[in-house]
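In: 3D model of this:
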Amino acid sequence: MKKNIAIIMGGYSSEYQISLKSGNVVFETLDTSKYNPYRIHIFKDKWVYVDAKNKEFPVNKNDFSVTVADQVIDFDCVFNAIHGSPGEDGFMQGYFELIGMPHTSCDMYQAALTFNKRDCLSVLKPYGIKTARSFYINLGDAVNKDDIISKVGLPCFVKANKAGSSFGVTKVHEKENLKDAIETAFKEDDEIIIESFLDGTEVSVGVITYKGETKVLPITEIVSENDFFDYEAKYLGKSQEITPARLTKEQEEKVNTEAKKVYEILKMKGFSRSEFIFKDGDPHLLEMNTVPGLTRESILPQQAGAAGISLSDLFDNAIQEALK
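Out: Residues are numbered from 1 along each chain as shown. Model (predicted):
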């Protein structure tokens, strides 16, 4: 009996278009001899199943079922392809856990924690995970530029605390540009994090649960044509993503160990992609993404391919792990 799989995509954040691309790749790739895939669009104003003719059918939020031509469709598992809120911040995870629906992402607490950059880094620091120096501001706080610069130095990064795909991120070189950068970050979130600039090799490390084991995928080196790995660099071709990364054996072992350690400390499940920068020979954690991009050009699928795992196998494994 084939399993009915709901692929959720879209979301409430600036990342919804990227999510739709990821979700459609999953939809096109899933093995239809094993699964019946359904595209489910999740937006603030509607949750709908979208059929092959782009006709929409509302989702019953009581049990996450869909009725088509008087036929009720129940799902065996949800494949989460929503980047940002509500798919990466714990809301969808909490909802699915309440109704007893298996899903491919991590649990609610892990999603909420990792989506909040400053809380996640604070939890990991006691375990010896190295990070950049940071300064936190909430919307409405008094801003003292001298205090910020004395703590993190220049250049520094001003980031929205709970946003992905480099939305609300500015690299600040001069003190007088701090105000504009803070205002930009506050357009995305009511909390911001300001971090010291780490000048070193940037890498992205995928860690997944694969066939019941924690598996670190081949590392990707990020070489941005822009001043940093911003939205243009990530999605508009303004960067080189080199897999496997050009690291020494020692660097590779260090970052693999740290990435696996972070995944296991946080009791993660499913997909994750963590970003690190090497400073003084040691990897420093920037953030972890728990619903990383899943398009054919995205980093995690590239890494899986380098490990000999096809997209079809990658997605199939995620569903099988969820159904356990």
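
In: from now on I want contacts and neighbour counts done on CA atoms only, so please keep to that.
Out: OK.

In: what's the neighbour count on the closest residue to residue 268 other than its chain neighbours?
Out: Take residue 268 and drop its neighbours on the chain: the residue closest to it by Cα to Cα, 6 or more residues apart in numbering is residue 106, 5.8 Å away. The tally of other residues near residue 106 (other Cα atoms under 10 Å) stands at 23.

In: how about residue 38?
Out: The burial count for residue 38: 21, using other Cα under 10 Å.

In: doesn't residue 48 make contact with it?
Out: No - the pair residue 38 / residue 48 is not scored as a contact, 10.3 Å apart, by Cα atoms under 8 Å.

In: if I pick residue 97, what's in contact with it?
Out: Contacts for residue 97 were tallied using Cα atoms under 8 Å, 6 or more residues apart in numbering; there are none.

In: need the pLDDT of it.
Out: Note for residue 97: predicted pLDDT of 97.

In: now do the SS call for it.
Out: Classification of residue 97 by DSSP: H, G, I helix; E, B strand; the rest coil places it in helix.

In: on that earlier part again, isn't the residue nearest to residue 268 right up against residue 269?
Out: Yes - Residue 106 is within contact range of residue 269, at 4.7 Å (criterion: Cα under 8 Å).

In: the residue nearest the centre of the chain and residue 45: what is the separation?
Out: Nearest to the geometric centre of the chain sits residue 289, at 2.8 Å (Cα atoms, centre = their mean). Going from residue 289 to residue 45 by Cα to Cα, to the nearest Å gives 26 Å.

In: same check, this time on residue 274
Out: Distance check for residue 274 against residue 45: by Cα to Cα, it reads 32 Å.

In: those two: who's more crowded?
Out: Counted by other Cα under 10 Å, residue 274 and residue 45 do not tie: residue 274 has more neighbours, with 21 against 7.

In: what about the closest residue to that one other than its chain neighbours, how many neighbours?
Out: The spatially closest residue to residue 274, leaving aside those adjacent along the chain, is residue 288, at 4.2 Å (Cα to Cα, 6+ apart). Neighbour count of residue 288, defined by other Cα under 10 Å: 26.

In: my understanding was that residue 288 contacts residue 268; is that so?
Out: No - using Cα under 8 Å, residue 288 is not in contact with residue 268, being 10.7 Å away.

In: secondary structure element for residue 274, which one?
Out: Residue 274 belongs to strand 271-279 when elements are defined using DSSP states H and E.

In: hmm, residue 153 and residue 194 touching each other?
Out: No - between residue 194 and residue 153 there is no contact under Cα under 8 Å: 10.0 Å.

In: which one's more surrounded, these two?
Out: residue 194 (30 against 18).

In: residues in contact with the more buried one?
Out: When contacts are counted by Cα under 8 Å, 6+ apart, residue 194 touches 134, 135, 136, 148, 152, 156, 157, 158, 159.

In: that's a helix at it, yeah?
Out: No - read with three-state DSSP, residue 194 is strand and lies in no helix.

In: what's across from it in the sheet?
Out: Beta-bridge pairing of residue 194 under DSSP bridges involves residue 135, residue 158.

In: separation between it and residue 156?
Out: Distance from residue 194 to residue 156, by Cα to Cα: 7 Å.

In: can you check residue 133 too?
Out: With Cα to Cα as the criterion, residue 133 and residue 156 are 10 Å apart.

In: between those two, what contacts are shared?
Out: 195, 196.

In: comparing those two, which shows the higher neighbour count?
Out: Between residue 133 and residue 156, residue 156 has the larger neighbour count (other Cα under 10 Å), namely 24 against 14.

In: ramachandran angles for the more buried one?
Out: Note on residue 156: backbone dihedrals following degrees, to the nearest 10 are phi -140, psi 170.

In: re earlier: give the bridge partners for the residue nearest to the centre of the chain, please.
Out: Going by DSSP bridges, residue 289 forms beta bridges with residue 273.

In: quick check: it touching residue 273?
Out: Yes - Residue 289 lies in contact with residue 273 (Cα under 8 Å); the separation is 5.2 Å.

In: just to revisit the earlier point, okay, the residue nearest to the centre of the chain: pLDDT?
Out: 95.

In: who's in contact with it?
Out: 114, 115, 272, 273, 274.

In: repeat that with 7 Å
Out: 272, 273, 274 (Cα atoms under 7 Å, 6 or more residues apart in numbering).

In: what do you get for residue 219?
Out: 203, 204, 205, 243, 244, 245, 303.

In: can you tell me which of those end up in helices?
Out: Secondary structure from DSSP state H places residue 303 of the contacts of residue 219 in helices.

In: looking at neighbours, which among the contacts of residue 219 is most surrounded?
Out: Within those, most neighbours by other Cα under 10 Å means residue 204, with 29 neighbours.

In: what sits against the closest residue to that one other than its chain neighbours?
Out: Excluding the flanking residues, the one nearest residue 204 by Cα to Cα, 6+ apart is residue 275, at 4.5 Å. Residue 275 makes contacts with 203, 204, 205, 285, 286, 287, 288, as judged by Cα under 7 Å, 6+ apart.

In: thought the third one was touching residue 274?
Out: In this case it means residue 205. Yes - contact criterion Cα atoms under 7 Å: residue 205 and residue 274 qualify, at 5.2 Å.
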